[in-house]
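# here is my input; please provide its structure:
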Amino acid sequence: MRIPDHLNRVAIDALKPFARNARTHSKAQIAQIARSIERFGFTNPVLVSHDLTILAGHGRVAAAKSLGMAEVPVVRLTHLSEDERRAYVLADNRLAEKAGWDQEILALELGALCELDFDVTLTGFDIAEADAIIAAVKDTSPASQGRDEADWRPPPPEQPVTRPGDLWVLGRHRLLCGDARFTASFDLLMNEERAAAMFADPPYNVPIDGHCTGLGRRTHREFAMASGEMDAAAFTTFLRETLNAAADRLTNGAIAFVCMDWRHMGELLTASSEVFSELKNLCVWAKTNGGMGSFYRSQHELVFVFKNGEAPPPQHLRAGRKRP
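Residues are numbered from 1 along each chain as shown. Model (predicted):
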């Protein structure tokens with residue numbers, strides 16, 4: 001087997017493009033290659049003939065020029081005949097095209113990079129491609145997801161241990177399994193006490209499947225209601241009932257923080273106008289990474305801030321500009 005010569009650094013201006021190179025590179029692709037070089041370095045040397053004609057790496061050379069690089073690493077293939085050089089220019093590109101992808105592993109790798117806030121476009125996949133690949137992988141078994149069996153959570157039992165009406169006392173805290181549409185649930189939870197603040201995260205009336213799957217690694221049951229089956233009027237009524245039941249156990253002047261997605265903020269504002277006295281503000285919870293499968297990759301959660309009653313909010317909720 002013939003071994004190519006050693007690696008050299010050569011001035012870009014000394015390199016000559018192959019006159020009959022059939023491979024083309026768009027401006028967008030050259031820009032992607034340039035970004036890759038900036039992040040990872042020039043890790044793939046240019047292959048040239050004895051007279052510095054480029055046999056493989058035209059795109060890398062164009063990207064290096066756009067970055068203002070004066071030199072690039074090259075490997076001289078002096079052992080090839082003229083006919084072999086012509087064939088190799090085609091083979092280098094065509095043989096790479098014939099490689100395939102393990103879609104499950106690819107989806108896991110892209111998903112992992114997204115969760116790490118790594119710029120996935122540096123891989124050559126754009127955001128839409130990555131989303132489509134990740135969304136297409138539905139198998140959630142431990143083996144297919146590369147998880148340790150010890151980390152796998154079994155499906156919930158058909159007969160749950162906790163039932164509606166069960167109240168769990170956890171030190172100073174109380175946890176109720178109940179229906180938040182009814183004031184009786186809050187009466188059981190809170191006895192005669194009232195709260196100065198509440199944080200509510202009602203269901204968003206979107207299906208869990210396809211929206212909250214954790215890149216295919218986690219599965220959740222659908223909500224008992226408001227899981228995509230309600231129209232706007234029904235969802236508005238649902239929100240009004242739940243917020244009103246909670247507001248009955250709030251002090252005058254209490255602050256209510258209510259999460260909602262952008263799709264249903266209209267229904268929330270309509271429902272809340274009949275429950276709370278004032279919309280105080282809108283907070284945006286900036287998350288570490290964007291979600292999947294929407295027109296824009298939402299990297300935030302909307303938290304609406306309402307006031308209950310006419311009294312001023314509690315001092316500890318309004319003093320100073322910085323709040324935990």
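
# what sits against residue 43?
Contacts for residue 43 (C-beta atoms under 8 Å, 6 or more residues apart in numbering) come out as none. Every C-beta, even on glycine, is put in place using the N, C-alpha and C of the backbone.

# in space, what's closest to residue 269 - neighbours in sequence excluded?
Spatial nearest neighbour of residue 269, chain neighbours left out: residue 279 (7.2 Å); criterion: C-beta to C-beta, 6 or more residues apart in numbering.

# now tell me which helix or strand of this structure has the poorest mean pLDDT.
helix 127-136 (a mean of 79; mean pLDDT, DSSP states H and E).

# how many neighbouring residues does the residue nearest to residue 269 have?
Residue 279 is flanked by 14 other residues according to other C-beta atoms under 10 Å.

# any idea how far it lies from residue 255?
Counting by C-beta to C-beta, to the nearest Å, the gap from residue 279 to residue 255 is 11 Å.

# shared neighbours of the two, anything?
With contacts defined as C-beta under 8 Å, 6+ apart, the residues shared by residue 279 and residue 255 are 305, 306.

# now for the next helix or strand after the least confident helix or strand of the chain, which elements pack on it?
Note on helix 127-136: by DSSP states H and E, the next helix or strand toward the C-terminus is strand 167-170. When contacts are defined as 3 or more C-beta pairs under 8 Å, 6 or more residues apart in numbering; DSSP states H and E, strand 167-170 packs onto strand 173-176.

# buried ones in the strand it packs on, by neighbour count?
The neighbour-count check on strand 173-176 (16 or more other C-beta atoms under 10 Å) flags residue 176 as buried.

# also stretch 41-52?
Here stretch 41-52 shows 42, 45, 46, 47, 48, 49 as buried, counting by 16+ other C-beta under 10 Å.

# how far does that stretch sit from its chain's centre?
Offset of stretch 41-52 from its chain centre (C-alpha atoms, centre = their mean, to the nearest Å): 37 Å.

# does residue 31 touch residue 62 like I think?
No. Applying C-beta atoms under 8 Å as the test, residue 31 and residue 62 come out as separate, 9.9 Å apart.

# okay, these two: which has more neighbours?
Between residue 31 and residue 62, counted using other C-beta under 10 Å, the more crowded position is residue 62 (18 against 13).

# pretty sure that one sits against residue 30.
Yes. The pair residue 62 / residue 30 is scored as a contact, 4.9 Å apart, by C-beta under 8 Å.

# which one is residue 73 nearest to, not counting chain neighbours?
The shortest distance from residue 73 to any non-neighbouring residue, by C-beta to C-beta, 6+ apart, is to residue 45 (4.1 Å).

# what does the pLDDT read for that neighbour?
As summarised for this prediction, residue 45 has a pLDDT of 91.

# nearest to residue 160 among the buried residues of stretch 41-52?
residue 42 (57.9 Å; C-beta to C-beta).
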